[in-house]
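Novice: requesting a structural model of the entry that follows:
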Amino acid sequence: MRWCVFLLLILVTASTAWAAPGDDAPESTKRPEPLKVPIPKAPIGRFGDGIVYDLDGTPVEGAEVLGYWEYKKHSGMSAYPIETWETKTDANGRFSCNPPKHLGDVTIHVLVRDGKGNYASETIHKDGDTQPIKKLVLLEEKYHQVCVIDEDGKPQAGITVFVACPLGPRLAATTDGNGRAYVLSVKLIDTLVARMPGKLAGVQVFGNRATRRSDKINVVTPIEVKRVLPREVVVRSPDGKPLSEAFVAVRAFSVTGYDPLDQSYFTATDAQGRATIDLPILTGGVIKIFKDGYYPQRVEFGKPDWVARKIPVFKEVTLPELVTLRGVVDVDPSVKLDDDESSEIMIDYLGTNPLLGEVYDKLKIEKPGSFELRLPADSQLVLNAYQQQHYSRVNLRVVRRGEEAESVKLKIQSPVTITGIVLDKNTRQPLANHRIIVSEKRCDPQVQEAYFQQHAIPNNDMPRSDYLRDEGWTSLDSDEHGKFQFNAYSGYITFRASGSDEYILVRFKPGDTPTVTLWADGEEE
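Specialist: Numbering: from 1, shown residues only. This is a model prediction of the structure:
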């Protein structure tokens, strides 16, 4: 009987709650008001263009627009840094971040504020040189309410708290006497960082925890700051001059390993090119240093020993200058390129640099024509352009400072077919169904060896020799007459017959019809 009465009370309470008028609900649970005027269809513009509206569908003039470009990372470190920028909307609510023409795979993150408590946060993806202008609608600003405490649980006043993104320092907040601060919500998931001299902490918060300052119901996120060990880094140009205002992205190692969401923040070098890096006392971390006009560097700080805990760790980093290599991709008249969605032409470079060791990056263009690559100066490179089975290659080219005006030509050719035969070294008869090992070379091995001897590479930055010298190996079998064929792309191929220790190097260029003869004992290994 008691259970029946209890269930009846629950049903009555629930029905009353559902029947309550919407005005009695907390402000934080209400949905934004629908737009009173439909926003017109966005016109076609350039990549990076946007237009800002309010809830009435009226373009907003004079709104502050902050943003940054984030380049897609390939298997190598991109030569383009994260770049921040700012502007304001015009009388028509329009803005443009004016991205450089050489942008490849890039995403633009935009934050708009009207100074009246409204904002919008959007991401613009590149979809060609022309695309619909990005529309942004201003809504009421939402904040994460945080409370910074020390390891004993005591609130900490005067602590800087910001979002772990390039815009974070511009949106930083300072805790009050109770250790509390309001930090603007930027993304769906924000990583907030609390930093003070000698202490650092980070916490991940979700967008649904963010509320308006005027809301009665607030979710407070605690951030516990812990002691850190400062490290120092000095950034210089190749001629030894300090680089001020170099952008330093810091990622700490957690106790269990690399954690990209824990204790990450951004800082910059001073007039002497010096920056102090705060990292956890029990672990290390990694930093990436960016400076406009220079190739970025990655520096790792390992777990400090007892000496490093007494004496600050100090490192000097030299950033190589960036040069612009302009080129043209042409297609041989005998080659018919594919017309499907995967018909883009890939251009990549790989090589070595006296300061960096191994360097690599790539670019994608939609059709043959001109291109630009930003790469570190004084690099020895192999430059490639390819589409499916068609290719072009320029081998071991030295790119030095001041080569912006020079252009390199790549002509896409069909692969070269190498024909060969495997013979028994004793009977000189063809060997049928004999295994052949093939290794493709990035460049002429003799020229490569000469380069490594001529250019002394620092031991701690020694490039992986196999990366430059070999594209990998494959195998094939001779037919019943001992013959075989192989379609080659790289310009330098090494063949070895199973059962033999002899390597045969074949050099060729587009249009050649090379042949090769391999000798073996007649019995496979």
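
Novice: touching the stretch of helix or strand residue 52 belongs to from outside, list them.
Specialist: Taking DSSP states H and E as the definition, residue 52 sits inside strand 49-53. Strand 49-53 has contacts (C-beta atoms under 8 Å, 6 or more residues apart in numbering) with 39, 42, 59-60, 63, 65, 89, 92-96, 110, 112, 114, 120, 122, 124, 133-138. Just so you know, the C-beta spots here come from the backbone N, C-alpha and C atoms, and that holds for glycine as well.

Novice: just the buried residues from those residues, in PyMOL please.
Specialist: Those of the contacts of strand 49-53 that count as buried under 16 or more other C-beta atoms under 10 Å are selected in PyMOL with:
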select buried, resi 59+60+63+65+89+93+94+95+110+112+114+120+122+124+133+134+135+136+137+138
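
Novice: pretty sure residue 372 sits in a strand.
Specialist: Yes - with DSSP: H, G, I helix; E, B strand; the rest coil as the criterion, residue 372 is part of a strand.

Novice: what's the burial count for it?
Specialist: Applying other C-beta atoms under 10 Å, we find 18 residues neighbouring residue 372.

Novice: same question for residue 330.
Specialist: Residue 330 - counted by other C-beta under 10 Å - has 14 other residues nearby.

Novice: now for the closest residue to residue 289 other than its chain neighbours: which residues touch it?
Specialist: Among residues not flanking residue 289 along the chain, residue 297 sits closest, at 5.0 Å (C-beta to C-beta, 6 or more residues apart in numbering). By C-beta under 8 Å, 6+ apart, the residues touching residue 297 are 288, 289, 317, 318, 319, 356.

Novice: try it again at 7 Å.
Specialist: Neighbour list for residue 297: 289, 317, 319 [criterion: C-beta atoms under 7 Å, 6 or more residues apart in numbering].

Novice: from those residues, pick the one nearest residue 489.
Specialist: residue 319 (34.1 Å; C-beta to C-beta).

Novice: pretty sure residue 170 belongs to a strand, no?
Specialist: No - judged by three-state DSSP, residue 170 forms no part of a strand; its state is helix.

Novice: begin at 52 from now on, thanks
Specialist: All right, first residue 52 from here; so that's residue 221.

Novice: that one reaches residue 117, doesn't it?
Specialist: Yes - between residue 221 and residue 117 there is a contact under C-beta atoms under 7 Å: 6.1 Å.

Novice: tell me which of those two has more neighbours.
Specialist: Using other C-beta under 10 Å as the criterion, residue 221 and residue 117 rank with residue 117 on top: 21 against 15.

Novice: who's that one bridged to?
Specialist: residue 137, residue 162 (DSSP bridges).

Novice: confidence score at it?
Specialist: Confidence at residue 117, expressed as pLDDT, is 91.

Novice: isn't it right up against residue 162?
Specialist: Yes - using C-beta under 7 Å, residue 117 is in contact with residue 162, at 4.7 Å.

Novice: between the two, which contacts overlap?
Specialist: Shared contacts of residue 117 and residue 162, defined by C-beta under 7 Å, 6+ apart, are found at residue 218.

Novice: ok, the residue nearest to residue 147 when sequence neighbours are not counted to residue 170 distance?
Specialist: Sequence neighbours aside, residue 100 is the residue nearest to residue 147 in space, at 4.8 Å (criterion: C-beta to C-beta, 6+ apart). Distance, residue 100 to residue 170, using C-beta to C-beta, to the nearest Å: 19 Å.

Novice: the residue nearest to residue 147: how many residues sit nearby?
Specialist: So residue 100, with other C-beta under 10 Å, has 21 neighbours.

Novice: now it: how far from residue 160?
Specialist: Applying C-beta to C-beta to residue 100 and residue 160 gives a distance of 15 Å.

Novice: now do residue 244
Specialist: 17 Å.

Novice: more crowded one of those two?
Specialist: Neighbours around residue 244 and residue 160, counted as other C-beta under 10 Å, are more numerous at residue 244. The numbers are 25 against 20.

Novice: distance from the host helix or strand of the more buried one to the middle of the chain?
Specialist: Applying DSSP H and E as the criterion places residue 244 in strand 240-247. Mean-position distance between strand 240-247 and its chain equals 21 Å (C-alpha atoms, centre = their mean, to the nearest Å).

Novice: for that strand, which strands pair with it and how are they oriented?
Specialist: Using DSSP bridges, the strands paired with strand 240-247 are strand 211-214 (antiparallel), strand 250-257 (antiparallel).
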